[in-house]
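Student: fold the following for me, if possible:
(chains A and B)
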Amino acid sequence: MSRPGFVLSVDAQTPPLVVFQGEKVLLERLPIDASVLYPPEALQGIRSLDEAIGRALDTPVDSEPLSALLKRGSRVTIVFEDLSQPVTSRTAPDVRQRVIELVLERAAAAGVDDVELIAATGLRRRLTAHDLQRVLGERVYASFAPDHVRSHDAEDENLEVVGELPGGTPIEVNARVASSDLVISVRLATAVGNEGAAAVATKLIGAKTARARGSFAAGTAASAASSDATNTDAFDDLVDTIGDKARVFTVDVTLTPEPTGPASAFLSKREREWSLTDRALSAGLQAATRILPARARIGLAQVSGVGYGVTSVVAGKPSSVHPLTEAFLAQQQVAQFDRPADVALFGIPNPGTIGSSLNPVTAAALGLGQIFSGATAEPVVRAGGTAIFYHPLTPWFHPLHDPAYIDFFAEVLTQSTDPAVISEQFEEKFAADPWYRHVYQTSSSNHALHPFHAWYSAAPAIAHLGDVIFVGGDHGSTRRLGFKSASTLADALEMASDSVGLAPAITYVHGAPVSISEVS
Amino acid sequence: MSAFSPLEGQHIMLTGATGFVGQAILEKLLADYPTTRMTLLIRPKGSLTGQARLKSLLRKPVFSKWRERVGADEVERAMTERISVIESSMGSVAGLPADLDVLIHSASTVSFDPPIDEAFKTNVGGAVGLYEALLATGSDPHVVHVSTAYVGGITKGTVVEASLKHTIQWRDEMAAALAARTTVEASSRRPEVLRKMIADAKLDNGKVGPHAVAIAAEIGRTEWVTKRLVDYGRTRAQSVGWADVYAFTKSMSERVAEELWADNGHRLSVVRPAIIESALKHPFPGWIDGFKVADPLIIAYGRGLVPEFPGLPDSILDIIPVDIVVNATLAVAANPPAPADPKYFHLSSGGRNPLTFREIYENVLKYFRANPIPDEQRGHIRTPYWDFPGARAIARSLRTGERANKLLQRTLLRLPSTQTTRSFMRQASARQTDLELLRAYSDLYQNYTQAEIIYDDSRTAALNDTLPPDARQKFGFDATEIDWDNYLQEVHFPAVTTLMRTFSSRPRAKAQVDKPLPQNPEAAAFFDLEGTVLASNIVEQYLWVRLASLDRAKWPQELANLFGSLPKYLAADRRDRGEFIRTFYRRYEGVDEQALRQLIHDTVGDVLLQRIRPEAVRQIRKHREAGHRTILVTGAIDVLVEPFVTLFDEVVSSHMHSKDGIWTGHLSKPPLVDEARAAWLRLYGEREGIDLKKSYAYGDSIADRAWLELVGNPQAVNPDAALFQHATQKHWRIHQWSDHNHSRFDTVGELLRGDIVQSASSTPALGPSPKEITHE
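Tutor: Have a look, this model is predicted:
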């Protein structure tokens, strides 16, 4: 058992604290009396991973062992989380590869020869060959490529209807998945709330279904409904089986909330307890981020952000495994806090995804949609309070991944930042655009709806808050997103003083766990 | 009203009535000589008849006071009863009235530096035609020949009011001047000259295409002819003692008047005004019709464009207000000399009320310090102090400035086009305009501002003294009455600056706002690919294809090979786009088309997509929404264009010739570049019923000029230096689309890491490396 989280009250002796700002790491001195919420210390990673996986597969929860489910001649599809989840290790094989290899071993032993691998990408971009190799390992990739491993295609013309959404929109899912006898779902989860819906089918639906499910109106309706804890999701019927036939067997893997590589481990330690080595490393990192140009800093973050540890592996019937995983993750929840603060501070790191920084829309969605509401059960800021984020919001977009984001940023956000207006005026146009569909299907671009859903996910937090300030935010793009930019924390607090007064209660949520989860 | 009524009941004929002095004389006659009848010799202009020109003439500001005073009916009456119009051009005058009492000949060229033949035709030929026609009528009017004080020529000291002393024969000069045109035209067609014209035209238009070169060469030749003829004029004038061809031809035309009119026993007076400027009193203080001799300089000074000037501070700038010229001319007209004894009158101020250049400068400085010209968005312009360093020093610094600027512009044209070089280019071209202006002024005014001549006007003064004292207010023309400080500060400078403001106070161009494109199903939008839609070129495309298909160990070799051939390609590209494309595509020799398709599909397509400009995609989408047909026209190979095909309604690209699925390195048809593309576009528009005038075209290079010009809305996208220059001149829309937020280094890195490459084993090979292929 690890140490629980706690709340530190900043006093004169408190050292500067680590704050992530995109690819930079700052050491910030916070005002006296500010509260700092430290998460519980990371659990020890599992040492013998293969053994743990094997045990989970052979003694699943509420299910026969996997080998018993695999029958000669059956149609098996393995779906796995896409790159929205971090790669668990740079040096050792990814945990997904390990799980899938063990699953495949059992399948081979049972004489199953109709096996396909599908990345549950939802509306996210297709995985490139290189991405697939990194997740699955060269051996798995080589034996399935190019025809039996691919990404889910939300614009596929051959989708299968397996249900209906409340509004009457049919639920269309990946045809291969729906026509399988057994769907083995390999899922990763890092932090509270990030595990997503219980049904893996949510990441295997068609664009029309996704649009109806993720529309702004549906989102507000759902959040109203979820408050009385009786959220009747149309996908509840798709948790254990998808359609008439496909039975789902899930393998849930939980990860440490932060990367635990040797170089950057100190970043998640409590600053008071830093060793001399940690201090030296910190000084080095500070110097490096100061000197290096932005582009090189991204590389640095990737090198330093080494793997996540695996804390648990549970397999079995999804409806039974899902609550277990959530409960396990809840242990990692940030310490209790007495009352909501006037001002909350959050750092937004750039997750170590491949070769790019976060574009400003994603960064904002990450901050407001996920970090803000994900780290604690309740919002840390009172309604009408101020949230201060650390992120440069540099208007960089990946030319292949983000064409819809580029246009969303340039043409939609310049007209309005109101999700209601945006969904009414622009969503249809983007959804119907043939070019976005073309690059989504043939290149590796996120789906045209992706920026919309990202933006909608930030809407509840924006509505809850009075002011949103980005420290170090690019002036132009911060403005365009409808926020304010400040060059330092002091300036940001000065700006906030109009609404929260001169002596606000400040809470810094230390080292908020981050992964770019499915935003839809 | 006094009893003094000169020219009573007389019939006056006036030439050059639409000119500055002509208008003023006409106005004065209408306003203050109620019984005088007038005949105007007016040249029809375009579709406007002489009568129509008169009508619009009478609406000009000079008549405003008179019109106000007498009312519309009287204006109408005067137009029909007092004025008659004879349509004619100088040199061919027919049917002059036989009952003329006075003829005032004030028509002349307005330019100081016209080609020699034009100057002679107007100033000398005009006078000959007029006086011969007048002789033919057999009548005996008093001719007042309006000349200029500067017929005195380049000299020092006082010039008296007498016939010019020289032995130059106007007939010989006239004949030589007219022959000069023939000579120059003939010599401009010599192969040596034409070759140079073609070479010059190629330099600027070579990449546009052969047709553009031909057009430019012919324009160059005409310009050369004009320049030569101007040079003929100026040099001939200087060789016989006049400052410019204007003064030269004016003095020749005095001789014509003397010879054809006075020597035939008629009455002739010659008036020689100096620099005529705005009115002192009549019709209202400060009336002026456009900029006159000294005014551009005053304005240029006020705008801070003239840092120094080659004038002598003690030289006299002989300025005379227009109403004094008018009164004096009419007084001369009313006092004819004896037949065959012409009289001469200087209308000048230098003799009795001199205004030195220094005084003018001080007044100008004072005026513009008190009333600075606003500089849009930058407060007001600060005028410079002059310290008269002398003509030589100024000429030297001007020459240095011109050379430096020319060199800068040349260099900029060769540098790759970036935002910085474009802003430099804009500055350099603004600087060039300033320098040209300065050069023109310093050439033009040299003779005026360095003149050490005094025009004696005692005869004019004596004539003024004959006026009854009570008539002087209305009809007087005493140059000593002018209070220069008052005239310059209160009358003249305000007049010219007001004029300048009405000319140049166009509403400031607002930042271009993207308006929705007009709906039009007959319009089309044509896009170029490389450099326009794609931040890339065919060399780069090739490189990506090559690198993606090659083993990494072979990269250095391939790169070395490509860079080694680069000079050859650059040279080809400088000559001709098509030649470059042909030369470069030889590198694709031996490529297996099927394998290449696979490669594009798997990996290189993404590399190319990374180079696409998001603004281009948005623009294409806008055109589609407006119902325009979107068409990609490119010299690139069809296979390489495939990743973009869905963006457009139609794609026109090159196709490589292949044999058994292997490319031969030759194109199957000539590439659609520069004028070939223009020809294609014209044909396409006709066949498909596209309204080219309503259509759009996007290109990035001067090679695109020919086809961009064909549509109504040409747009330059991140233009190269030459196209930028052209687009700025033609007011084409210039787009600055973001180049790439994904740098080429990233792409190389991704290729290296294998992010993009499918896998080494599944990548098809690309045929033999070009090093095994012999070029040339």
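Student: hey, let's count contacts and neighbours off CA atoms from now on
Tutor: Fine.
Student: in contact with the residue nearest to B:Pro97 when sequence neighbours are not counted, which residues?
Tutor: Excluding the flanking residues, the one nearest B:Pro97 by C-alpha to C-alpha, 6 or more residues apart in numbering or on different chains is B:Thr137, at 7.4 Å. Counting by C-alpha atoms under 8 Å, 6 or more residues apart in numbering or on different chains, B:Thr137 touches B:Gly95, B:Leu96, B:Pro97, B:Ala98.
Student: secondary structure and neighbour count added to these, as a markdown table?
Tutor: Listed next are these as a markdown table, based on DSSP: H, G, I helix; E, B strand; the rest coil; neighbours: other C-alpha atoms under 10 Å in any protein chain shown:
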| residue | secondary structure | neighbour count |
| --- | --- | --- |
| B:Gly95 | coil | 12 |
| B:Leu96 | coil | 18 |
| B:Pro97 | coil | 13 |
| B:Ala98 | coil | 14 |
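Student: all helices of the stretch 501-650 of chain B, in order?
Tutor: Shown for the stretch 501-650 of chain B, the helices assigned by DSSP state H, counting those that start in this stretch span residues B:538-549, B:555-575, B:577-585, B:593-599, B:605-610, B:614-625, B:638-641.
Student: mind putting these in a markdown table, distance to A:Pro65, mean neighbour count and mean pLDDT included?
Tutor: Output for those, formatted as a markdown table (distance: least, C-alpha to C-alpha, whole Å; neighbours: other C-alpha atoms under 10 Å in any protein chain shown; pLDDT from 0 to 100):
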| stretch | distance to A:Pro65 | mean neighbour count | mean pLDDT |
| --- | --- | --- | --- |
| helix B:538-549 | 45 | 19 | 80 |
| helix B:555-575 | 52 | 14 | 79 |
| helix B:577-585 | 61 | 20 | 84 |
| helix B:593-599 | 43 | 18 | 85 |
| helix B:605-610 | 43 | 22 | 82 |
| helix B:614-625 | 51 | 18 | 90 |
| helix B:638-641 | 52 | 19 | 87 |
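Student: dump those helices to TSV, plus distance to A:Leu276.
Tutor: What follows is the helices of the stretch 501-650 of chain B, written out as TSV (distance: least, C-alpha to C-alpha, whole Å):
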stretch	distance to A:Leu276
helix B:538-549	47
helix B:555-575	45
helix B:577-585	60
helix B:593-599	53
helix B:605-610	45
helix B:614-625	48
helix B:638-641	57
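Student: of those helices, which approaches B:Tyr301 most closely?
Tutor: helix B:555-575 (41.9 Å; C-alpha to C-alpha).
Student: okay, angle between the closest one and helix B:538-549 too, please.
Tutor: 160 degrees (axes from the mean of the first three to the mean of the last three C-alpha atoms, to 10 degrees).
Student: and helix B:555-575, how far from the chain's centre?
Tutor: 41 Å (C-alpha atoms, centre = their mean, to the nearest Å).
Student: contacting residues around that helix?
Tutor: B:Gly206, B:Lys207, B:Leu547, B:Glu579, B:Phe580, B:Ile581, B:Thr583, B:Phe584, B:Ser769, B:Lys771.
Student: extract the C-alpha trace of it and format it as CSV.
Tutor: The C-alpha coordinates for helix B:555-575 follow below in CSV (Å, rounded to 0.1, in the frame of the first residue of the first chain):
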residue,chain,number,x,y,z
TRP,B,555,20.7,8.1,-48.8
PRO,B,556,24.0,10.0,-48.8
GLN,B,557,24.7,8.7,-52.3
GLU,B,558,21.3,9.7,-53.6
LEU,B,559,21.5,13.1,-52.0
ALA,B,560,25.0,13.8,-53.3
ASN,B,561,23.8,12.8,-56.8
LEU,B,562,20.7,15.1,-56.5
PHE,B,563,22.7,18.1,-55.2
GLY,B,564,25.3,17.6,-57.8
SER,B,565,22.8,18.0,-60.5
LEU,B,566,21.1,20.9,-58.8
PRO,B,567,23.0,23.6,-60.7
LYS,B,568,21.9,22.1,-64.0
TYR,B,569,18.2,22.1,-62.9
LEU,B,570,18.4,25.6,-61.5
ALA,B,571,19.8,26.9,-64.8
ALA,B,572,17.1,25.1,-66.7
ASP,B,573,14.4,26.5,-64.4
ARG,B,574,15.8,30.0,-64.9
ARG,B,575,15.4,29.6,-68.6
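Student: next up, phi/psi of the residue nearest to B:Pro97, please.
Tutor: phi -70, psi -20 (degrees, to the nearest 10).
Student: gap between it and B:Gly95?
Tutor: Using C-alpha to C-alpha, to the nearest Å, one obtains 8 Å as the distance from B:Thr137 to B:Gly95.
Student: kindly list the main-chain dihedrals of whichever residue of the stretch 301-450 of chain A sits closest to chain B?
Tutor: Per C-alpha to the nearest C-alpha, A:Pro399 is where the stretch 301-450 of chain A lies closest to chain B, at 5.0 Å. With angles defined as degrees, to the nearest 10, A:Pro399 sits at phi -60, psi -30.
Student: looking at the chain, which helix or strand does the model trust least?
Tutor: Since you didn't name a chain, this refers to chain A. Lowest on mean pLDDT, DSSP states H and E among the helices and strands of chain A sits helix A:294-304, with a mean of 51.
Student: I was thinking of chain B, sorry if that wasn't clear
Tutor: helix B:744-753 (a mean of 63).
Student: so after the helix or strand B:Tyr441 falls within, what's the next helix or strand?
Tutor: Remark: B:Tyr441 resides in helix B:419-449, with elements defined by DSSP states H and E. Per DSSP H and E, the first helix or strand lying C-terminal to helix B:419-449 is strand B:452-455.
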